[in-house]
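Q: Quick one, what's the 3D model for this:
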Amino acid sequence: MAGMVPSVLIVDDEKHTREGLQQALAENYDVSLAGNADEAFNLMDAQEFDVILTDLRMPGKSGLKVIDKALALPTRPAVLMMTAYGNVETAVEAMRRGAVDFLTKPVNIERLEVLIQRALKTKTLEVEVKQLHERLDEKFNFEGILGNSPKLKDVLDRVKLVAPSRATVLIEGESGTGKELVAQAVHQSSPRARGAFIAVHCAALSESLLESEIFGHERGSFTGAMERRIGRFEAADGGTLFLDEIGEISASTQVKLLRFLETKAIERVGGSKPIELDVRLVAASNRSLEQLVREGKFREDLFFRLNVVRITLPPLRERTEDVPLLLAHYLKFFSEENGLPPLTLEPGALATLQSYPWPGNIRELRNFCENAVVLRRGGSLSEFDLEPKFRGGAGIPGAGSPVAPGANPLSVEENEKRLLREALIKARGNRTQAAVLMGISRRTLHRKIAAWPELDVTDR
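A: Take a look at the predicted model:
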């Protein structure tokens, strides 16, 4: 809305008509008047209006020109047309130009009030939908998938290429790598972006519930089916259906899914009438569908139908250069969400977390960040604040820190370094306590740190 009180511009060359309408509307609206199209243009350039009520026939430019001008504005008002020469052709032309409704003179004030309120509601909904799509675009555009690693860039390049097409997409990757986020990016970057994105997590539902959830069912098709149910396929008509963990679906569901991919039609459970749909299918699996085919657990013909374009997401351990960016993003996100000041990572903590293999991928990293923010003890996080599992790194199981690249993890020197660093971490950098834990003198500890400066940590 342009202001707290809805604003209305009345455009009419008849002085008594526009002033009479102003008097009738002034109690509920901020009303401005224009005697011709040019005056209306000047007012529209100077301020925003929620509704414009314009006469059709006026000296000079007609009311149709007023419609054209109004609907070319950055913030479009709702336009109502009025004329004493009402006929079907005029009404059709006004609506074709973008008018939301049509009145004949003399104007019925009660009907005018109803049409203005209806137009305001429509305008409000249009603004809300536009804002919603802008937020979705911001959230799910390519920049919303964080990372600069070459492997992630390859994934995003593939998404950009496939998104404008109608091709079926198969996304493979370990749990927690962001398969649904990539599916949403495919949808948001496609011509279907204004349609629905419907996600179904196949592994979370039993066989009978999954079929009903995806395809819908007719009344009486099974015990408890008291009424017809529209399935996810129908809900996604004109948009995208995302089937996550598709490797878990039963043989009968696989057959029905294959039939849709071949015919672009479904049948509800208990139904016999094909329902043609315009749905793009995006499927995902954390298991290799090719391996499931070899094991006889997944139909080969369905696999080929799904595998038109395959996108494989790298695990986080293969894109470690993205870890600092992801940590910074989620620490900031959860700090803001909880109304807390930013939580930063000290260099030692960042290095330790970057060397951690993150078996749970981005989902595990996100959970770590939320936990760190909620259980914080200060404004920064050091390596001493991390759980032992993070300090295990990629070295020998149970080790306190990762083995240096190229080093022999079985050498006496590397194991001594590992034990010394673990002692320093447990002692929170206190060299005297670390020496006690190691069973050596403080002088010996100093000598070893001088020889291996990478072990040095600040006393705390």
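Q: Which residue ranges of this protein form strands?
A: 7-11, 30-34, 51-55, 78-83, 101-104, 169-172, 197-201, 240-244, 265-266, 275-276, 280-285, 309-312, 344-345, 380-381 (DSSP state E).
Q: can you list those strands in JSON lines and add mean neighbour count, mean pLDDT and distance to Asn338?
A: Where C-beta positions appear, they are placed from N, C-alpha and C, glycine not excepted. Formatted as JSON lines, the strands of the chain follow (neighbours: other C-beta atoms under 10 Å; pLDDT from 0 to 100; distance: least, C-beta to C-beta, whole Å):
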{"stretch": "strand 7-11", "mean neighbour count": "24", "mean pLDDT": "94", "distance to Asn338": "40"}
{"stretch": "strand 30-34", "mean neighbour count": "20", "mean pLDDT": "94", "distance to Asn338": "42"}
{"stretch": "strand 51-55", "mean neighbour count": "27", "mean pLDDT": "93", "distance to Asn338": "43"}
{"stretch": "strand 78-83", "mean neighbour count": "25", "mean pLDDT": "87", "distance to Asn338": "41"}
{"stretch": "strand 101-104", "mean neighbour count": "18", "mean pLDDT": "84", "distance to Asn338": "48"}
{"stretch": "strand 169-172", "mean neighbour count": "23", "mean pLDDT": "97", "distance to Asn338": "32"}
{"stretch": "strand 197-201", "mean neighbour count": "19", "mean pLDDT": "93", "distance to Asn338": "27"}
{"stretch": "strand 240-244", "mean neighbour count": "24", "mean pLDDT": "96", "distance to Asn338": "29"}
{"stretch": "strand 265-266", "mean neighbour count": "18", "mean pLDDT": "92", "distance to Asn338": "44"}
{"stretch": "strand 275-276", "mean neighbour count": "14", "mean pLDDT": "92", "distance to Asn338": "46"}
{"stretch": "strand 280-285", "mean neighbour count": "25", "mean pLDDT": "96", "distance to Asn338": "31"}
{"stretch": "strand 309-312", "mean neighbour count": "16", "mean pLDDT": "96", "distance to Asn338": "34"}
{"stretch": "strand 344-345", "mean neighbour count": "20", "mean pLDDT": "89", "distance to Asn338": "15"}
{"stretch": "strand 380-381", "mean neighbour count": "18", "mean pLDDT": "87", "distance to Asn338": "15"}
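Q: Reformat the ones you listed as TSV; add distance to Arg442.
A: As requested, the strands of the chain are arranged in TSV below (distance: least, C-beta to C-beta, whole Å):
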stretch	distance to Arg442
strand 7-11	80
strand 30-34	81
strand 51-55	83
strand 78-83	81
strand 101-104	89
strand 169-172	54
strand 197-201	57
strand 240-244	56
strand 265-266	75
strand 275-276	79
strand 280-285	56
strand 309-312	52
strand 344-345	30
strand 380-381	28
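Q: and of those, who's closest to Met95?
A: If you check each of the strands of the chain against Met95 by C-beta to C-beta, strand 101-104 wins as the nearest, at 6.8 Å.
Q: same for that closest one, what does it pack against?
A: Here strand 101-104 touches strand 78-83, helix 88-97, helix 109-140, going by 3 or more C-beta pairs under 8 Å, 6 or more residues apart in numbering; DSSP states H and E.
Q: looking at these, which has the lowest confidence?
A: Per-stretch mean pLDDT for the helices and strands packed on strand 101-104 is lowest at helix 109-140 (a mean of 70).
Q: Near Asn108, how many other residues are there?
A: 12 (other C-beta atoms under 10 Å).
Q: ok, it to Arg57 distance?
A: Going from Asn108 to Arg57 by C-beta to C-beta, to the nearest Å gives 19 Å.
Q: How about Phe242?
A: Phe242 is 53 Å from Arg57, by C-beta to C-beta.
Q: and if you look at Pro453?
A: Counting by C-beta to C-beta, the gap from Pro453 to Arg57 is 90 Å.
Q: These two: which is more packed in?
A: Neighbour count, other C-beta under 10 Å: between Pro453 and Arg57, Arg57 has more, with 12 against 7.
Q: so that one touches Lys65, yeah?
A: No. Here Arg57 does not reach Lys65: they are 11.6 Å apart, not a contact under C-beta atoms under 8 Å.
Q: shaky segments in this protein?
A: Residue ranges of the chain with pLDDT under 70: 1-4, 85-88, 91, 125-144, 392-412, 415, 454-460.
Q: try 50
A: Within the chain, the stretches with pLDDT under 50 are 1-3, 136-141, 143, 393-405, 407-410, 459-460.
Q: Would you mind splitting it into its domains for me?
A: 7-134, 142-314 (automatic domain parsing).
Q: Distance to Leu437 for these - can I get that in JSON lines?
A: Output for the domains of the chain, formatted as JSON lines (distance: least, C-beta to C-beta, whole Å):
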{"stretch": "domain 7-134", "distance to Leu437": "57"}
{"stretch": "domain 142-314", "distance to Leu437": "36"}
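Q: quick one, which of these is nearest to Leu350?
A: Checking the domains of the chain against Leu350 by C-beta to C-beta gives domain 142-314 as the closest, at 15.9 Å.
Q: Just confirm Ala225 contacts Gly271, I think it does.
A: No. The criterion here is C-beta under 8 Å, and Ala225 misses it with Gly271 at 11.1 Å.
Q: what sits against Lys332?
A: Pro342 (C-beta atoms under 8 Å, 6 or more residues apart in numbering).
Q: when you give positions from now on, start the count at 4
A: That works, and once the first residue is 4, the last one we named lands at Lys335.
Q: Against Thr347, how distant is it?
A: 10 Å.
Q: How about Tyr359?
A: Going from Tyr359 to Thr347 by C-beta to C-beta gives 18 Å.
Q: Same check on Leu292?
A: According to C-beta to C-beta, Leu292 and Thr347 sit 42 Å apart.
Q: What residues does Ala125 make contact with?
A: Rather than Ala, residue 125 is Thr. Thr125 neighbours (C-beta under 8 Å, 6+ apart): Ala81, Val103.
Q: try 10 Å
A: Neighbouring residues of Thr125 by C-beta atoms under 10 Å, 6 or more residues apart in numbering: Ala81, Val103, Asp104.
Q: Then Phe337?
A: Phe337 makes contact with Leu343, Leu346, Arg369, Cys372, Glu373, Asn374, Ala375, Val376, Val377, Arg379 under the criterion C-beta under 10 Å, 6+ apart.
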